[in-house]
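Undergrad: Everything below, folded, please.
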Amino acid sequence: MQKRGHNLLLASTPIGPLGSGLGGGVELTLTNVAKELLKRDYHIRIIAPEGSKIDFCEVIEVTGELQFPCQYKKRDDKVDIPANSVLANMWSYILDIHNNYDLIVNFAYDWLPFYLTRFLGTPIAHLVSMCSLD
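TA: Numbers count the residues shown, from 1 in each chain. Here you go, the predicted structure:
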């Protein structure tokens with residue numbers, strides 16, 4: 001039986017599949033955190049764009065249009081979400097299943113996960129490991 005507090009969902013960046021390198025340091029950070037948590041007896045699942053390649057834990061792959069990296073936008077650019085957005089699809093799925101987890105860790109720096117935090121009964125930790133390039 002899994003220890004209480006040890007069932008975690010890690011939400012990846014929506015700018016590319018894990019293993020593609022498109023997520024850069026965010027992808028590397030998520031992978032290293034997941035491996036360490038597994039060593040510490042946490043039950044981990046990762047939700048990420050379709051085509052993600054992780055061989056050490058279960059990945060919930062989500063289809064949709066990849067998100068344009070927001071750090072390349074100017075501060076006054078409109079925030080947008082593409083049609084059939086993988087970001088929106090990932091968080092729609094999370095809204096449906098969040099009660100199955102003790103904690104969700106968001107590794108994306110897009111606005112949607114921050115906005116949705118207040119609507120979930122499961123706590124969300126946001127790990128922002130990148131700053132604006134602007």
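Undergrad: show me where pLDDT drops low in this structure?
TA: Low-confidence segments of the chain (pLDDT under 70): 1-5, 68-74, 130-134.
Undergrad: 50 - rerun?
TA: Counting by pLDDT under 50, the chain shows low-confidence ranges at 1.
Undergrad: mind listing the strands in it by residue range?
TA: Counting by DSSP state E, the chain has strands at residues 7-11, 43-49, 58-62, 103-106, 124-126.
Undergrad: Now distance to Ile81 and mean neighbour count too, for these, in a markdown table please.
TA: In this view, the C-beta of every residue, glycine as well, is placed from N, C-alpha and C. Compiled in a markdown table, the strands of the chain are given as follows (distance: least, C-beta to C-beta, whole Å; neighbours: other C-beta atoms under 10 Å):
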| stretch | distance to Ile81 | mean neighbour count |
| --- | --- | --- |
| strand 7-11 | 16 | 22 |
| strand 43-49 | 14 | 22 |
| strand 58-62 | 14 | 18 |
| strand 103-106 | 16 | 21 |
| strand 124-126 | 18 | 15 |
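Undergrad: So for Asn32, which of these sits nearest?
TA: strand 7-11 (11.2 Å; C-beta to C-beta).
Undergrad: Which elements pack onto that closest one?
TA: helix 24-39, strand 43-49, helix 86-97, strand 103-106 (3 or more C-beta pairs under 8 Å, 6 or more residues apart in numbering; DSSP states H and E).
Undergrad: In JSON lines: those, plus distance to Glu58.
TA: Below are the helices and strands packed on strand 7-11 laid out as JSON lines (distance: least, C-beta to C-beta, whole Å):
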{"stretch": "helix 24-39", "distance to Glu58": "11"}
{"stretch": "strand 43-49", "distance to Glu58": "5"}
{"stretch": "helix 86-97", "distance to Glu58": "13"}
{"stretch": "strand 103-106", "distance to Glu58": "15"}
